[in-house]
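Colleague: sequence plus the predicted model coming up.
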Amino acid sequence: MRLVLFCLSLLLVACAQQPPRDDGLYRALGEEPGIVRIVEGMLLDSARDPRIARHFLNIDIERLRAKLIEQLCFESGGPCVYTGDSMEESHKGLRLTPSDFNALVEHLQDAMNAEGVPTPAQNRLLARLAPMRGQVIDR
Amino acid sequence: MRFVYLLGLFFCSELLAGEGRLLATGGATSLEGAAGGGIMPWAVLAGYGERGEWGADVFATRVETGDYRLDVAGVAAAYGNRIELSYARQRFDLGTLARDLNLPDNSLSMDTLGLKVRLAGDLIYDRLPQISLGLQHKRQRDFLVPSLVGAQRREDTEGYLAASRLILGGAFGYNLLLNANLRYSRANELGLLGFGGDRRDRHSWLKEGSVAVLLDRHWAVGIEYREKPDNLSFAGESDWADLFVGYFPNKNLALVLAYARLGEIATLDNQDGVYLSVQGSF
């Protein structure tokens, strides 16, 4: 029984790192043009948000934009490969708090709302990103 | 001097009040003053403060059944998404019963002090669901009527263990909120009819649960169920249930409208009614 549970949990961990099998979410996000607008909307709002704006100063915003587009495309089952650093690596030294993480989530939600992405599709994307929180905060 | 202190406290709270948690994750305020649903607390803490931040709620609730009315008002404050202190005053209008039985009081009031501590987990992110331990100390201010119907004590302390989890996309793509509590209490009708009774004067283990679906960031619909003890021989005490709609326009306001089925209360059966709650968060 314990072995079965162990194998199941291994499977679950393995699944979590796989891209989705279909591109339904990618299409719901508006494919590449939609994802570009979502990422840009999120970054613009974040840079204006006094809670987290400081984290967007003195960084290569063009590179961040490109890597986020790749990442959302990959995570939503689109035809992309994420070529950026690991989440731990890319947030090293930023000392992001749980509040910072949630502020970014809010801007992502706002940007998806602006694109007319339906709530269930928004939740699917958030469910793929939420497990990364532990690799993002307190680095 | 006290005024200066309060003023200082106010400005400090303005500076430190956090909005670090996501909309609606502070819940509403339960009848006993703790953050949660309507008739039961949840494991979430009052307000929207995350680590290093304060959060606070003020609220007012009215429940109107055919024969009774319950008014509740109170405040709660939480720090660091870790610890919550709450105070609520309940006032139970006996309406029909006071008239029919010529009771010496036509309303019963109670004070509830609450403490809740998040022990582990997180509502959304951690491997573990959010698990909180709560204590409530309640004191009946009008004990004459409760003592006449068999209540043994004017005041008492009860505890509960609460677990809450928001599952992203868990309900056909919509976010699903699950809550389960285990309470250890001997309060009669929340304590409005005192504590312990002629039939049973010991604490009981009581289960409470609720399920809610978040239609979007602002709207939630759900159900709640709460077991109640049955300590008094003069009347049965029913389990409570409700069906609610919650509206969270922003992080400062929440409105909850519910249809509550409260069953038999102090000999009068079929106490179904409307529950309305307004909450301000800071």
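Modeller: Arrived safely, thanks for sending.
Colleague: residue B:281: what's it in contact with?
Modeller: Contact partners of residue B:281, counting by CB atoms under 8 Å, 6 or more residues apart in numbering or on different chains, are B:26, B:46, B:47, B:48, B:55, B:56, B:57, B:251, B:252, B:253, B:254. Every C-beta, even on glycine, is put in place using the N, C-alpha and C of the backbone.
Colleague: now do the SS call for the closest residue to chain A within the stretch 1-150 of chain B.
Modeller: At 2.9 Å from chain A, residue B:20 is the closest residue in the stretch 1-150 of chain B, using CB to the nearest CB. Following DSSP: H, G, I helix; E, B strand; the rest coil, residue B:20 is assigned to coil.
Colleague: you'd agree it is up against residue B:51?
Modeller: Yes. Between residue B:20 and residue B:51 there is a contact at 7.2 Å, judged by CB atoms under 8 Å.
Colleague: got the confidence number for residue 7?
Modeller: I'll assume chain A. The per-residue pLDDT reported for residue A:7 equals 50.
Colleague: oops, wrong one, chain B.
Modeller: For residue B:7, pLDDT reads 47.
Colleague: what's the weakest-modelled helix or strand in chain A?
Modeller: With mean pLDDT, DSSP states H and E as the measure, the helix or strand of chain A carrying the lowest mean pLDDT is helix A:2-17 (a mean of 50).
Colleague: following element in sequence after it, please.
Modeller: Where DSSP states H and E defines the elements, the next helix or strand beyond helix A:2-17 is helix A:24-28.
Colleague: buried sites along stretch B:221-229?
Modeller: By 16 or more other CB atoms under 10 Å in any protein chain shown, the buried positions in stretch B:221-229 come out as B:222, B:223, B:224, B:225, B:226, B:227, B:228, B:229.
Colleague: excluding chain neighbours, what is closest to the residue most central in space within chain B?
Modeller: Centroid check for chain B by CA atoms, centre = their mean gives residue B:30 as the closest residue, at 2.1 Å. Distances taken as CB to CB, 6 or more residues apart in numbering or on different chains put residue B:36 closest to residue B:30, at 4.1 Å, once the chain neighbours are dropped.
Colleague: tell me the secondary structure of residue B:158, please.
Modeller: Strictly by three-state DSSP, residue B:158 counts as strand.
Colleague: tell me the contacts of the residue of the stretch 101-250 of chain B found nearest chain A?
Modeller: Proximity of the stretch 101-250 of chain B to chain A (CB to the nearest CB) peaks at residue B:173, 2.5 Å away. Residues near residue B:173 by CB under 8 Å, 6+ apart: A:118, A:119, A:120, A:121, A:123, A:124.
Colleague: give me the neighbour count for the first one.
Modeller: Right, the one you point to is residue A:118. Counted by other CB atoms under 10 Å in any protein chain shown, the residues lying close to residue A:118 total 12.
Colleague: pretty sure it contacts residue A:29?
Modeller: No. Counting by CB under 8 Å, residue A:118 does not reach residue A:29; the two are 10.2 Å apart.
Colleague: can you pull the contacts of residue B:267?
Modeller: So residue B:267 contacts B:97, B:234, B:235 (CB under 8 Å, 6+ apart).
Colleague: now with 10 Å?
Modeller: Taking CB atoms under 10 Å, 6 or more residues apart in numbering or on different chains, we find residue B:267 in contact with B:67, B:97, B:100, B:101, B:149, B:234, B:235, B:236.
Colleague: JSON lines for these, including pLDDT?
Modeller: Formatted as JSON lines, these follow (pLDDT from 0 to 100):
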{"residue": "B:67", "pLDDT": "94"}
{"residue": "B:97", "pLDDT": "88"}
{"residue": "B:100", "pLDDT": "87"}
{"residue": "B:101", "pLDDT": "86"}
{"residue": "B:149", "pLDDT": "95"}
{"residue": "B:234", "pLDDT": "95"}
{"residue": "B:235", "pLDDT": "95"}
{"residue": "B:236", "pLDDT": "96"}
